[in-house]
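*Asks:* Dropping a prediction and its sequence here:
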Amino acid sequence: MDGTVEEQPWRTVVEEAGEWAGWERSESDPFELYAGPFYTRRDAAGRWVCAFRAEKKHMNGGGFMHGGALATFADYAIFMFARDQLVGSGSVTASLNTEFLDGAQEGDLLEATGEVTRAGGSMVFVRGIARVGERPVLNFSAIIKKVRRK
């Protein structure tokens, strides 16, 4: 087995070694590969958790994580939290709201948890929070629009 997970319409690889052993990494979105890498896995309760390690490339001129990097991570996370509701359809971000609560620095491990608050025929509503340890750094909510695949 090559570690590819086939249950969703995007391609993921399960890391086999290192800090991210057991975590999935998406390989289908070129921007997320460039901006991340971002990882996801289910926790002991079966909920999706997303994570990444803050690198120098994620920092702004003041030495803190750039808000755009946090928003990109939130955009990744909403699709991971909603992935079970998106199987069989294409999807795009219709709305993404972010509240920056605190800063993150190079080397920090950011983890996001969240939930689908409502899933309908064409829209999925999601919310989440990203933390460094127990410290919240980003609160976010979004609407995902299901679209037909071309």
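*Replies:* Now that the structure is in, tell me what you want to look at.

*Asks:* Relative to residue 123, how far out is residue 93?
*Replies:* Using C-beta to C-beta, to the nearest Å, we find residue 93 at a distance of 11 Å from residue 123. (Glycine included, C-beta is placed from N, CA and C.)

*Asks:* shared neighbours, these two?
*Replies:* Shared contacts of residue 93 and residue 123, defined by C-beta atoms under 8 Å, 6 or more residues apart in numbering, comprise 143-145.

*Asks:* List just the nearest of these to residue 12.
*Replies:* Distance to residue 12 across the shared contacts of residue 93 and residue 123 (C-beta to C-beta) is lowest for residue 144, with 17.9 Å.

*Asks:* Which elements pack onto the one helix or strand that closest one maps to?
*Replies:* Per DSSP states H and E: residue 144 is located in strand 135-147. Packing contacts for strand 135-147, counted by 3 or more C-beta pairs under 8 Å, 6 or more residues apart in numbering; DSSP states H and E, involve helix 67-81, strand 90-100, strand 109-119, strand 123-132.

*Asks:* go with 10 Å
*Replies:* Strand 135-147 sits against helix 67-81, helix 83-86, strand 90-100, strand 109-119, strand 123-132, with contacts defined as 3 or more C-beta pairs under 10 Å, 6 or more residues apart in numbering; DSSP states H and E.

*Asks:* list the buried ones in the shortest one?
*Replies:* Using 16 or more other C-beta atoms under 10 Å as the burial criterion, the residues of helix 83-86 that qualify are 83, 85-86.

*Asks:* what does the first one give?
*Replies:* Across helix 67-81, burial judged by 16+ other C-beta under 10 Å covers 69-81.
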